[in-house]
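Asker: need a 3D model of the following:
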Amino acid sequence: MIVAPFPLSNSNKAARLRAMAKSKVSYRCTSCGYESLKWLGRCPDCETWSSLQEETKSSEPRGAQKTRSFRLPTEAGVTKPVALGSIAEEPKARLSTGMSELDRVLGGGLVAGSLVLVGGDPGIGKSTLLLQALGHLSDGGQKTLYVSGEESLEQIRLRASRLRIEGNALLLLPETRAELVTAAIEAERPAVVVVDSIQTIYDSDIPSAPGSVTQIREVSARILYQAKSLGVPVFLVGHVTKHGEIAGPRILEHMVDTVLYFERSGASSYRILRAHKNRFGSTNEIGVFEMNEGGLLAVENPSELFLSERPTDAPGSVVLPAIEGTRPVLVEVQALVSPTNFGNPRRTCLGFDSNRAALLVAILERRVGLQLLGCDVFVNIAGGLTIDDPSADLAVSVALASSLRGQPVDRRTVLFGEVGLAGELRAVAQPEIRLKEAAKLGFSRAVVPKACLKRLEVPKGMEVIGVSKLEEALSAAGLG
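Answerer: Numbering: from 1, shown residues only. As a prediction, the model looks like this:
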């Protein structure tokens, strides 16, 4: 017998409505924003492992929820299409942070209303760098604001004393509530703001925990639109995951204007600040700093740093004049080739693309006749720098041949050029800047692609040898 369900009484209806109004738990991917009702080990959308994070959201009726709206500043509060040609071009002066290497990575300084995201491993110096920058600005009479969600006023004061920062115009705000942070920015109107870190700031109107996908997205949007409306540049410090990526939703990196990463090699005291995104400058710029007891010091000539411990007459060591953004940097390319004791030879690279190295090994084997396929190959860019410049092909190839044959390359010789699959050498960009930097550091000989010699102004006292094939380059380097 089928029994019809009893109709709900008014009290049961009220209880069900109250239950529906309670908060619900869902799981959202921190990489792509995919939402799931249950936890999954792997995101079905972007296929990232262990990226789903729990967040709480309210299931109140849509009309009962608070309206959240952030808008960019417009004339008379009306948004309408505007012809591109009718917009007046008004280039604005950039604000210098007082740290030359930081200004270089930013593209020449801070742009009004820009949002800069700074990431890096714990303890690498993110807070130290930004506190030093605010100290330089405050010494110049600029009012700055440092918002800390992780440290107390006493802790920040101790760091400032170690860095010798007086900071009479540097304001400190230990706060994690987004509405109070934006209210302080609105009231003080500082020249520069630092929020350390974005994962600790939360909006009390959102039921999710601080650091969740929803919190980071909403808080960043609030700060973004306030920065644009007031014309105040803001630094956001971001935590990183175990994979070295900035924690939180990937949309955070799309929202900001600039993304900077702090890197270091092992236990070295040197730090490299690299721009991964920059709407106001080059994305290939790097800044080099040295960490000591007085804070981070800018390294004005990183080429001397990267070549300072280069061994004398060692096989497998050559010098490459690379280009990082607008700056020429001389780095040491090291290679080690040894017979393998296993069935599959190893291809290990540090600072260089391993796939590119395997390609160069195949070219040396096929086009030049070097027996490398049965050997373990190790390539290292000394100093912890990562090279993506195709001009490194020739330097890596010559270093591999030098290590295999046990013959050193003249220590006053630099090499650069792109190697094709047929063993030909192709021209690369900005050869004059590379050669000038090499000549400034005392190098007197260069092996370059012959195509680079067209309209090339050779520095005084430098011998430049143009080659068209990889075999000719090996002969010019003394490995023929």
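
Asker: can you pull out the strands in the stretch 51-200 of the chain?
Answerer: In the stretch 51-200 of the chain, strands defined by DSSP state E, counting those that start in this stretch lie at 52-58, 115-120, 144-148, 170-174, 192-196, listed in chain order.

Asker: what lies in contact with the last one?
Answerer: Strand 192-196 is touched from outside by 95, 97, 110, 126-127, 130-131, 133-134, 137, 142, 144-151, 181, 185, 201, 223, 227, 232-237, with contacts defined as C-beta atoms under 8 Å, 6 or more residues apart in numbering. Placement of C-beta: from N, CA and C, glycine included.

Asker: ok, the second one next?
Answerer: Identification of contacts with strand 115-120 by C-beta under 8 Å, 6+ apart yields 106, 110, 126, 129-130, 198, 220, 223-224, 227, 233-240, 245-246, 252-253, 255-263.

Asker: please parse the chain into its domains.
Answerer: Here the chain is described, according to automatic domain parsing, as comprising the domains 21-59, 95-300, 305-476.

Asker: need the ones you listed in TSV with mean neighbour count and mean pLDDT, can you?
Answerer: Rendered in TSV, the data for those read as follows (neighbours: other C-beta atoms under 10 Å; pLDDT from 0 to 100):
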stretch	mean neighbour count	mean pLDDT
domain 21-59	15	78
domain 95-300	19	90
domain 305-476	18	93
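
Asker: out of those domains, nearest to Pro81?
Answerer: Within the domains of the chain, the stretch nearest Pro81 is domain 95-300; the backing value is 18.9 Å (C-beta to C-beta).

Asker: which one of the domains of the chain lies closest to Ala88?
Answerer: It is, among the domains of the chain and with distance given as C-beta to C-beta, domain 95-300, at 15.9 Å.

Asker: now do the helices in the stretch 301-450 of the chain.
Answerer: Secondary structure of the stretch 301-450 of the chain (DSSP state H, counting those that start in this stretch): helices located at 302-307, 354-363, 392-405, 431-440.

Asker: possible to save the strands of the stretch 51-200 of the chain as CSV with distance to Tyr270?
Answerer: Below are the strands of the stretch 51-200 of the chain laid out as CSV (distance: least, C-beta to C-beta, whole Å):
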stretch, distance to Tyr270
strand 52-58, 34
strand 115-120, 14
strand 144-148, 25
strand 170-174, 27
strand 192-196, 23
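
Asker: tell me which of these sits nearest to Cys32.
Answerer: Minimum separation from Cys32 across the strands of the stretch 51-200 of the chain (C-beta to C-beta) falls at strand 52-58, 10.5 Å.

Asker: quick one on the thing from earlier: quick one, which of the strands of the stretch 51-200 of the chain is nearest to Ala429?
Answerer: Relative to Ala429, the nearest member of the strands of the stretch 51-200 of the chain by C-beta to C-beta is strand 115-120, separated by 27.5 Å.

Asker: strand 192-196 and that closest one, what's the angle between them?
Answerer: 40 degrees (axes from the mean of the first three to the mean of the last three C-alpha atoms, to 10 degrees).

Asker: relative to strand 115-120, what are the paired strands and their orientations?
Answerer: strand 234-238 (parallel), strand 258-264 (parallel) (DSSP bridges).

Asker: tell me which residue is most central in this structure.
Answerer: Per C-alpha atoms, centre = their mean, the C-alpha nearest to the average position across the chain is that of Tyr261, at 3.3 Å.

Asker: so that residue touches Leu273, yeah?
Answerer: Yes: using C-beta atoms under 8 Å, Tyr261 is in contact with Leu273, at 7.4 Å.

Asker: what bridges to Ala275?
Answerer: For Ala275, the beta-bridge partners are Leu260 (DSSP bridges).

Asker: look up how far Gly287 lies from it.
Answerer: Taking C-beta to C-beta, to the nearest Å as the measure, Ala275 falls 9 Å from Gly287.

Asker: shared neighbours of those two, anything?
Answerer: Listed as contacting both Ala275 and Gly287 by C-beta under 8 Å, 6+ apart are Val105.

Asker: what's the angle between whichever helix in the chain runs longest and strand 115-120?
Answerer: The residue-count maximum for a helix in the chain (DSSP state H) belongs to helix 213-230. Here helix 213-230 runs at 140 degrees with respect to strand 115-120, directions being taken by the same axes, to 10 degrees.

Asker: can you show me the CA trace of helix 213-230 as CSV?
Answerer: As requested, C-alpha coordinates have been extracted for helix 213-230 and formatted as CSV (Å, rounded to 0.1, in the frame of the first residue of the first chain):
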residue,chain,number,x,y,z
VAL,A,213,39.7,31.1,-2.4
THR,A,214,36.7,33.3,-1.8
GLN,A,215,38.4,35.4,0.8
ILE,A,216,41.5,36.0,-1.2
ARG,A,217,39.5,36.8,-4.3
GLU,A,218,37.1,39.3,-2.6
VAL,A,219,39.7,41.0,-0.5
SER,A,220,42.1,41.4,-3.4
ALA,A,221,39.2,42.9,-5.5
ARG,A,222,38.4,45.4,-2.7
ILE,A,223,42.1,46.5,-2.4
LEU,A,224,42.5,46.6,-6.2
TYR,A,225,39.6,48.9,-6.8
GLN,A,226,40.6,51.2,-3.9
ALA,A,227,44.1,51.4,-5.3
LYS,A,228,42.8,52.4,-8.7
SER,A,229,40.4,54.9,-7.4
LEU,A,230,42.9,56.6,-5.1
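
Asker: many thanks, I have nothing further to ask.
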